[in-house]
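A.B. asks: sequence and computational prediction follow.
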Amino acid sequence: FKNLLTKAIEIAKKSNGAFDVTILPLTQFWRNYFKTKELPDSFELKQRLSLIDFRQIRIQGDSVYLPDSFKLDLGGIAVGYCIDRAVTVLKQAGIKTGLIDAGGDIFGFGNRKWKVAVKNPRGEGLIKTFSIQNQGIATSGDYEKFFIKDGVRYHHIINPKTGYPAKECCSVTVIAPDAISADAYSTTIFVLGVKDGLALAEKVDGLKVFIVAEKNGNLNQYQSAGIE
């Protein structure tokens, strides 16, 4: 848990808070509105925003300290961490080649290439196919958990700065040397948007990014260096 939280704080710092595991008060707050398909009260939302700040997490020895009412949501990084641990266990057991798929977060290892496809975020079929080898891949999208109100799509990937669902991106796929990075950075870059997201990707070793963004009803594709 300490290793996982340390990695989460590292990514939070690199992204200037676009990734923030103290976001649980906000995600819990939005769950009710996903059921009613109504928009939240802005005053209540601002109250929750005051409880979001990764810099308030304090790790001392093997203990973690949080201010009162602060809560952690590791949903954007824990699956990737679990995959990496599982890969380690499999290798220790003598498994030389394999693929782990945990709800769309994937790691393929061994002496072969694995093909992984990404769904079209606004239609049927696939929009892109990737080849990975000893790499993790993860996609964050706005098309699995969402509702539409007055023509605006409200989804589950919340911007920690605004308290509202992140805008601009429909789908962000990240290929990375490990699953934890693919998992966390796909969420992070989704929140940052195209320009800032691609700029961050250039600063992180081994990160490759493919973004689908919607503008005026049209889908546009963007990618970092290294994407084939």
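C.D. replies: That came through, no problem.

A.B. asks: show me where this structure dips below the pLDDT cut-off.
C.D. replies: Low-confidence segments of the chain (pLDDT under 70): none present.

A.B. asks: centroid-nearest residue for it?
C.D. replies: Nearest to the geometric centre of the chain sits residue 187, at 2.1 Å (CA atoms, centre = their mean).

A.B. asks: give me the nearest residue to that residue, chain neighbours excluded.
C.D. replies: The spatially closest residue to residue 187, leaving aside those adjacent along the chain, is residue 76, at 4.2 Å (CB to CB, 6 or more residues apart in numbering). All C-beta spots, glycine's among them, are computed from the backbone N, C-alpha and C.

A.B. asks: dump the residue contacts of that neighbour.
C.D. replies: Contact analysis of residue 76 by CB atoms under 8 Å, 6 or more residues apart in numbering lists 19, 21, 183-184, 187-188.

A.B. asks: select from these the one having the most neighbours.
C.D. replies: Counting neighbours by other CB atoms under 10 Å, residue 183 comes out on top of the contacts of residue 76 with 32 neighbours.

A.B. asks: which SS state does that residue fall under?
C.D. replies: Three-state assignment for residue 183 (DSSP: H, G, I helix; E, B strand; the rest coil): helix.

A.B. asks: so it sits right up against residue 74, yeah?
C.D. replies: No - at 10.2 Å, residue 183 does not count as touching residue 74 under the criterion of CB atoms under 8 Å.

A.B. asks: now the closest residue to residue 153 other than its chain neighbours: phi and psi?
C.D. replies: Spatial nearest neighbour of residue 153, chain neighbours left out: residue 146 (5.4 Å); criterion: CB to CB, 6+ apart. The phi and psi torsions at residue 146 (degrees, to the nearest 10) take the values phi -160, psi 170.

A.B. asks: count of residues packed around residue 146?
C.D. replies: There are 15 residues near residue 146, going by other CB under 10 Å.

A.B. asks: where's it relative to residue 156, distance?
C.D. replies: 7 Å (CB to CB, to the nearest Å).

A.B. asks: kindly report the same for residue 199.
C.D. replies: From residue 199 to residue 156 the distance is 25 Å (CB to CB).

A.B. asks: equivalent analysis for residue 17, please.
C.D. replies: With CB to CB as the criterion, residue 17 and residue 156 are 19 Å apart.

A.B. asks: got the contact list for the residue nearest to the centre of the chain?
C.D. replies: 19, 76-77, 140, 157, 172.

A.B. asks: any chance of the residues you listed in TSV, with distance to residue 128 too?
C.D. replies: Formatted as TSV, those follow (distance: CB to CB, whole Å):
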residue	distance to residue 128
19	23
76	22
77	23
140	14
157	19
172	12
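
A.B. asks: tell me who's in contact with the residue nearest to residue 153.
C.D. replies: Residue 146 sits in contact with 153-156, 165, where contact means CB under 8 Å, 6+ apart.

A.B. asks: just the closest of the contacts of residue 76 to residue 37, please.
C.D. replies: Nearest to residue 37 among the contacts of residue 76: residue 187, at 23.3 Å, using CB to CB.

A.B. asks: now the closest one: which helix or strand?
C.D. replies: helix 179-192 (DSSP states H and E).

A.B. asks: restricting to C-alpha, output that helix in PDB.
C.D. replies: The C-alpha trace of helix 179-192 is given here as PDB (Å, rounded to 0.1, in the frame of the first residue of the first chain):
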ATOM      1  CA  ALA A 179       0.800  -1.600 -15.900                       C
ATOM      2  CA  ILE A 180       0.700   0.800 -13.000                       C
ATOM      3  CA  SER A 181       2.000   3.600 -15.200                       C
ATOM      4  CA  ALA A 182      -0.400   2.800 -18.000                       C
ATOM      5  CA  ASP A 183      -3.400   2.700 -15.600                       C
ATOM      6  CA  ALA A 184      -2.600   6.000 -13.800                       C
ATOM      7  CA  TYR A 185      -1.400   8.000 -16.800                       C
ATOM      8  CA  SER A 186      -4.400   7.100 -18.900                       C
ATOM      9  CA  THR A 187      -6.600   8.800 -16.300                       C
ATOM     10  CA  THR A 188      -4.100  11.700 -15.800                       C
ATOM     11  CA  ILE A 189      -3.800  12.500 -19.500                       C
ATOM     12  CA  PHE A 190      -7.600  12.300 -19.900                       C
ATOM     13  CA  VAL A 191      -8.000  15.000 -17.300                       C
ATOM     14  CA  LEU A 192      -5.200  17.100 -18.700                       C
END
